[in-house]
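Trainee: fold the following, please.
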Amino acid sequence: MRVYFDNAATTPLDPEVLEAMMPLMREHYGNPSSIHWHGREVRAAIERARKTVAGLLHTSPSEIFFTSGGTEADNTAIRCGIETLQLGHAITARTEHHAVLHPLEHLRNQGKIELHFVELDRKGHPELDHLRELLRTYPRSFVSLMEANNEIGNRTDLTAVGELCRQSHAVFHSDTVQTMGHYPHDLQRLPVDFVVGAAHKFHGPKGTGFLYVNNDRKIGPFIHGGAQERNMRGGTENVYGIVGLAKALEIAHRDLAGHRAHIEGLKRRMMDQLTSRLDDVAFNGDSANLEQSLYTVLNVSLPPSDLSDMLLFSLDIHQISASGGSACASGSQVGSHVLSALNCDPDRPSVRFSFSKYNTAEEVDYVAETLAAMHQQRVRV
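Mentor: The predicted structure follows:
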């Protein structure tokens, strides 16, 4: 049995999405910037996709800009937001994705901002009281806190954070890559200035994403060289990717309740199987809390073993695809910066299982049995 439990990294392409993309590959090949019929047909497809995405997120099409993915969308919001809005301070958490941490650290190293980190509670959630203190000391900052962590699944209350930001006239950006297509978003009500999406996280194509920019926040472009995306992103659009993104998001919202129930059941089953088969198994962050974490992600902490550095390799030998690691050891940059920020034991190997609508209970059982057998044999995966 070959099992894919790395859906937080990327998801399989939905056949309905491929079907929607094919005409843009075979028949409608014009450049959307061209004024002739071939170009106009393709331009219309892009704008229909933009309208679809905006409608699903309860916002205006004028606030949706297509990008090459979540990383570009994050970089655009961060770098252009800070530059255009002339902000001198930024606040984030040490558990953010590198698509957020690295551009913020780059701006700090260039002397363009002062960077501040909000404290985390013992489970890895940002401490809102400390955020309030930071905003009191550094009002009108750029705040970047993800809605859900890609490694441990912890969810953050965007409304609570956004309201604190509004009170301090701060600008609020959230990396929503892991929640987009898995939870509903009403951007008319959420007090947020920037959110992002990546199609391949919800069964769309790789290489396509989007950035939501609140109409109250006008920013400059990140990529120059053309007037595409209403002068916000130079370069010919990835047309079939954009169409695929819109279709994938449409399917995700259409089937949201059913898919959530199915995937949540798989996560519960995995927790039950592992705790019954393994001694001293634990779950990192708030991963085991279904109310406070992604239903798609389970981060498992295994007992120390002399073979733990081979865990993922061993799983792969058994035809199981997952991801993981351990906290960075002292003085080392190798390992998970998220687990290190939570002060997790670097001697305990961790594995992240992330589920999708295509996974089955039989796959969960096989993985749990395999992991238990490997641990009993002290085989390092």
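Trainee: you'd agree Thr208 is up against Glu237?
Mentor: No - counting by Cβ atoms under 8 Å, Thr208 does not reach Glu237; the two are 9.4 Å apart. Every residue, glycine included, has its C-beta placed from N, CA and C.
Trainee: for those two, list the residues in contact with both.
Mentor: Phe66 (Cβ atoms under 8 Å, 6 or more residues apart in numbering).
Trainee: tell me which of those two has more neighbours.
Mentor: Thr208 (26 against 21; other Cβ atoms under 10 Å).
Trainee: next up, the contacts around the nearest residue to His185 once chain neighbours are set aside.
Mentor: Nearest residue to His185 in three dimensions, chain neighbours excluded: Leu57, at 5.1 Å (Cβ to Cβ, 6 or more residues apart in numbering). Going by Cβ under 8 Å, 6+ apart, Leu57 touches Ile64, His185, Asp186, Leu187, Tyr212.
Trainee: which residues does the first one bridge with?
Mentor: Partner residues in beta bridges with Ile64: Tyr212, with DSSP bridges as the criterion.
Trainee: tell me how many other residues crowd it.
Mentor: Neighbours of Ile64 (other Cβ under 10 Å): 23.
Trainee: so it touches Ala54, yeah?
Mentor: Yes - with the criterion set as Cβ under 8 Å, Ile64 and Ala54 qualify as a contacting pair; they are 5.1 Å apart.
Trainee: give me phi/psi at the residue nearest to His185?
Mentor: The phi and psi values for Leu57, taken as degrees, to the nearest 10, are phi -100, psi 0.
Trainee: same question for Thr11.
Mentor: phi -110, psi 160.
Trainee: surely it and His203 touch.
Mentor: Yes - between Thr11 and His203 there is a contact under Cβ under 8 Å: 4.7 Å.
Trainee: just to revisit the earlier point, out of the contacts of Leu57, which are buried?
Mentor: Ile64, His185, Leu187, Tyr212 (16 or more other Cβ atoms under 10 Å).
Trainee: farthest-separated two in those residues?
Mentor: Largest separation among these by Cβ to Cβ: Ile64 and His185, giving 12.0 Å.
Trainee: show me what contacts Leu266?
Mentor: Contacts of Leu266 by Cβ under 8 Å, 6+ apart are Phe355, Asn359, Thr360, Ala361, Val364.
Trainee: again, but for Glu163
Mentor: Pro191.
Trainee: confirm that it sits in a helix.
Mentor: Yes - using DSSP: H, G, I helix; E, B strand; the rest coil, the assignment for Glu163 is a helix.
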